[in-house]
Structures are given as structure tokens and as C-alpha cells.
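**Q** Structure, please.
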Amino acid sequence: MGKGASIILCLAVATLITLGLVVLASASATWDSSSDQYFHLVRQIIWVLIGVGVMVAMALMDYRVLQKSTWYLFALVCGALALCYVPGIGDEAGGANRWIKLPVIGRFQPSEPAKLVVMVALASWFAKYQAETKSLIRGFVMPSLILGIPLLLILFEMDMGTAAGLGAAGLLVLFVVGTRLRYLVATTGVAIMASIAMVESDPVRMERIMAFQNLEEHKLGVGRQQWLALQAFGNGGPGGMGLGNGVVKQMNLPEQHTDFIFPVMGEEMGVFATMGVVFCFVLIFLVGLGIAMQAADRFGGVLAMGITAALIIPAMMNIGVTTAMLPNSGLPLPFVSYGGTSMIFSFAMIGVLLSILRRSQAARATEMPTVKSKVLEVRL
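**A** Residues are numbered from 1 along each chain as shown. I've put the predicted structure just below:
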């Protein structure tokens, strides 16, 4: 992994951002002369610029600073997640209490920074106890608590999509570092049963599952989003109908600029654009995996793996939902969907990956003279 990896990573993100802005200009149009047609586009551009600044700052920073402040960040994020339950601060939307309103910051989704902070906490833990990953307490119970506390706070906000994505990323980290498989299998089974029980006790979620099983029957109700999404993909075909010519968005496709921007892209830009999005996420995954494998230390390796999973799994879930392969979960598509919190902290995670890559390159550069001198000594 060298400069080429950072270039590929940045190009993949830039491509996703560009496609997202182009489609957002079309998807967020209101066709109302009395309102600002490009309101969402302008705000998204502002968030992208802020995100780029955050990414650069994180890339230039030594990622090991995060390890030193792990538990302060963890407590801060858990506190922010808890504020979602406080009347007057928590802001309910779409049947989930995933937002908070703060005086200076404004509307904010604390589960987005939680993704990064949870991965920092897991990486910090396993860096400290790397020889005890097979033990029950330090290899499974304590990491499960680190993952489980914010996860439960998110889950009981009824934000099951984010909870599922973060939980899957966390379990992947535990699997990669070497936690015993039987512990992970048992945990996964319990999580699945608990999720089924929560869905069955929630009429809104249960309706979504029923609609997912038969979209045609529920196309005028709960299944409307996914049914219209499939129509959009069908209309687009290989080449698309052209920017601004989409039909489905004019049929009041819910969340067409956020969770369901991918079908709008498919209808107007065609299958080549949507496959390009998938390819960009594949590149991010491969580069992230390479950075994790060549990190200079244990903390950097685990953190890079966790960040990569925290970016890719929600993307896979969003694409699965919009193509009707998964039940509706309300997750945005990273770097493409409209949204400030998701955009800024997705950029932050890319910045941390770049920081890990820079430090690993610097570490190898300092090792090379020592290796060459030893080889010379042997030859002499």
C-alpha cells in the first residue's frame, strides 16, 4: 500500500460525491417557483466542503491520538445517544428517535459519530489485550459491552437499520481479531431472536416486513417506496432516461434525496452509473482492507478494519433495501445521500484511514535503512 492506494481511495469517494450531487440536483427539485429549487443541493455542497476539511485534518493528524482519548469520546457519544430520549432535545422522525436538536449545532444524528467512536474503542481494547482475544472476559465479554452499550441506545431509539449495520461491523471486528467463533455464533443467534421479537412487537416494523414479502400487494401503502424504486430501476435500463427526465420521483417517491436516491440515479443515469457506485464501494473495501493488513500497529489495523466495515455494510444495506432485497431500514447511502451528519463523519472515517496509511508508510520508510544495513553487514 502506497500513494496509489490513497489516490484510489480519494478517487472512489470523489466519484461517489460527484454522482450524488448530480443526482441530488435532480432528485431534490421541487418544481415550485416560490421555493428554492436547489436548497438541498446548496446545503449538501456546504456539508461536502466541511467534510473535506474534516477528512484532511484527520489525515494529517496522528490517528494514535484517538487511542489516548478513547474513553472520553466513548462517554461523549453515549451521552449524545442518551439525549435522543430527552423530551425537547430528542427529535422523532420516521418512527425513530434518532435525532437531537442542540442550540449551536442544530439537528444532529449521534449514531453517525458513534460508528467511528465504537470502532476506536474496540481497536483500543484489542490493542491493549491482543494476547487475550481467546479469553471469555477480555476477548468477548468486555468488547461486547463496548459494542453493546451504544448499540442498545441506538436500537431502543427504534433505529434498527443503524443498529444492525453497526452490530454487524462490530461482530466482524471481533471475528477478525480472533474472538472464539462459538461466542460470536451464540451472540448472533440471540441478536436475531431479539430483533424478531422487537419487530413483532412494533406494528410499523411488522408492516414493513409484510410489505417486503409482497410489494405488489402493498404498493399503495407501506411498500410504496420499494415498489416505486423497482419501477425506477426498470425505467432506467442500461443508459437511463436522462438527468431530470425521471418519472418515479414525480410520483412523490418518499425520501428520494436521502435513503432512496439510488433508484433515482438508476432511472436517470442507468445501470452503468449504479454499477459504478457499487464498484466505488468495492474499491473502498479493498483499499481499507489493504490498509488494515499493513498498518504499523495493532490499534491501526483493527481500527482500519472497523472503519471499512462501518462504511461498507450500511452501503450494502441501502442498496439491498432500494433493490427490494432487504426490508426497508431507513439507512442513507454513504457519500451519495443527502445529509450532513452522515456526510461529515463518513469523510472523517476516510481521513482516519488515510492517517493510518501515512503512518504505515512512514514506519516502513524508517525500517528500510536498518534492513539494508543488516544485509550489507551480512554480505561483508
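**Q** what ranges do the strands span in the stretch 51-200 of the chain?
**A** Assigned by DSSP state E, counting those that start in this stretch, the strands in the stretch 51-200 of the chain fall at 90-93, 96-102, 106-108.
**Q** check contacts around Val54.
**A** Contact analysis of Val54 by CB atoms under 8 Å, 6 or more residues apart in numbering lists Ile344, Phe347, Ala348, Gly351. Just so you know, the C-beta spots here come from the backbone N, C-alpha and C atoms, and that holds for glycine as well.
**Q** Pick the most deeply packed of the strands of the stretch 51-200 of the chain.
**A** strand 96-102 (a mean of 18; mean count of other CB atoms under 10 Å).
**Q** Sheet-wise, list the partners of it with their directions.
**A** The pairing partners recorded for strand 96-102 under DSSP bridges are strand 90-93 (antiparallel), strand 106-108 (antiparallel).
**Q** re the thing from before, okay, the contacts of Val54 in CSV with secondary structure next?
**A** Listed next are those as CSV, based on DSSP: H, G, I helix; E, B strand; the rest coil:
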residue, secondary structure
Ile344, helix
Phe347, helix
Ala348, helix
Gly351, helix
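**Q** can you name the two of these that are farthest apart?
**A** Distances among those were taken as CB to CB; the most separated pair is Ile344 and Gly351, at 10.5 Å.
**Q** what number of residues lie near Ala191?
**A** 18 (other CB atoms under 10 Å).
**Q** Now for the residue nearest to it when sequence neighbours are not counted: which residues touch it?
**A** With sequence-adjacent residues excluded and distances taken as CB to CB, 6 or more residues apart in numbering, Ala191 is closest to Gly167, at 6.4 Å. For Gly167, the contacting residues are Leu147, Leu151, Ala191, by CB under 8 Å, 6+ apart.
**Q** So for Gly167, what's the pLDDT?
**A** On pLDDT, Gly167 comes in at 93.
**Q** Show me which of Ile344 and Gly351 is the more surrounded one.
**A** Remark: of Ile344 and Gly351, Gly351 carries more neighbours, 23 against 19, as counted by other CB under 10 Å.
**Q** show me what contacts the residue nearest to that one when sequence neighbours are not counted?
**A** Sequence neighbours aside, Met58 is the residue nearest to Gly351 in space, at 2.8 Å (criterion: CB to CB, 6+ apart). Met58 sits next to Ala348, Ile350, Gly351, Val352, Leu354, Ser355 when contact means CB under 8 Å, 6+ apart.
**Q** From the contact counts, what lies against the host helix or strand of Thr274?
**A** In the assignment (DSSP states H and E), Thr274 maps to helix 271-293. Packed against helix 271-293 by the contact rule (3 or more CB pairs under 8 Å, 6 or more residues apart in numbering; DSSP states H and E) you find helix 3-27, helix 224-236, helix 261-269, helix 298-322, helix 340-379.
**Q** Now the shortest one: average pLDDT?
**A** Right, helix 261-269. 92.
**Q** now it, how far from the centre of its chain.
**A** On the basis of CA atoms, centre = their mean, to the nearest Å, the separation between the geometric centre of helix 261-269 and that of its chain is 20 Å.
**Q** contact partners of that helix?
**A** 19-20, 22-24, 26-27, 228-230, 232-233, 235-236, 240-249, 253, 256-257, 273-274, 277, 318-319, 322, 333, 336-338.
**Q** What distance do you get for the most centrally placed residue in the chain to Leu11?
**A** Central residue of the chain (CA atoms, centre = their mean): Leu311, 3.5 Å from the mean position. Distance of Leu311 to Leu11, computed by CB to CB, to the nearest Å: 16 Å.
**Q** Same question for Pro110.
**A** 30 Å.
**Q** These two: which has the busier surroundings?
**A** Pro110 (25 against 12).
**Q** pLDDT weak spots in the stretch 51-200 of the chain?
**A** The model of the stretch 51-200 of the chain has pLDDT under 70 over residues 93-96.
**Q** where exactly do the helices run in it?
**A** 64-68, 70-82, 111-128, 136, 142-155, 160-177, 181-201 (DSSP state H, counting those that start in this stretch).
**Q** Check which residues of the second one are buried.
**A** Translated: helix 70-82. Thr70, Leu73, Phe74, Val77, Cys78, Ala80, Leu81 (16 or more other CB atoms under 10 Å).
**Q** Kindly report the same for the longest one.
**A** For helix 181-201, the neighbour count (16+ other CB under 10 Å) marks Tyr183, Leu184, Thr187, Ala191, Ser195, Met198, Val199 as buried.
**Q** With distance to Arg298 as added columns, please give those residues in TSV.
**A** Putting the buried residues of helix 181-201 into TSV (distance: CB to CB, whole Å) gives the following:
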residue	distance to Arg298
Tyr183	20
Leu184	20
Thr187	23
Ala191	27
Ser195	32
Met198	35
Val199	38
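**Q** which one of these is nearest Asp91?
**A** Met198 (21.4 Å).
**Q** Can you add distance to Asn97 and give the contacts of Gly167 back as JSON lines?
**A** JSON lines is the format used below for the contacts of Gly167 (distance: CB to CB, whole Å):
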{"residue": "Leu147", "distance to Asn97": "21"}
{"residue": "Leu151", "distance to Asn97": "15"}
{"residue": "Ala191", "distance to Asn97": "21"}
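**Q** Just the element for the nearest residue to Gln226 once chain neighbours are set aside, please.
**A** Once flanking residues are discounted, Gln226 sits nearest to Ala324: 4.7 Å by CB to CB, 6+ apart. Of the helices and strands defined by DSSP H and E, none includes Ala324.
**Q** Which residues does stretch 75-95 contact?
**A** 97-102, 107-108, 110-111, 113-114, 117-118, 149-150, 153-154, 156-158, 204, 330.
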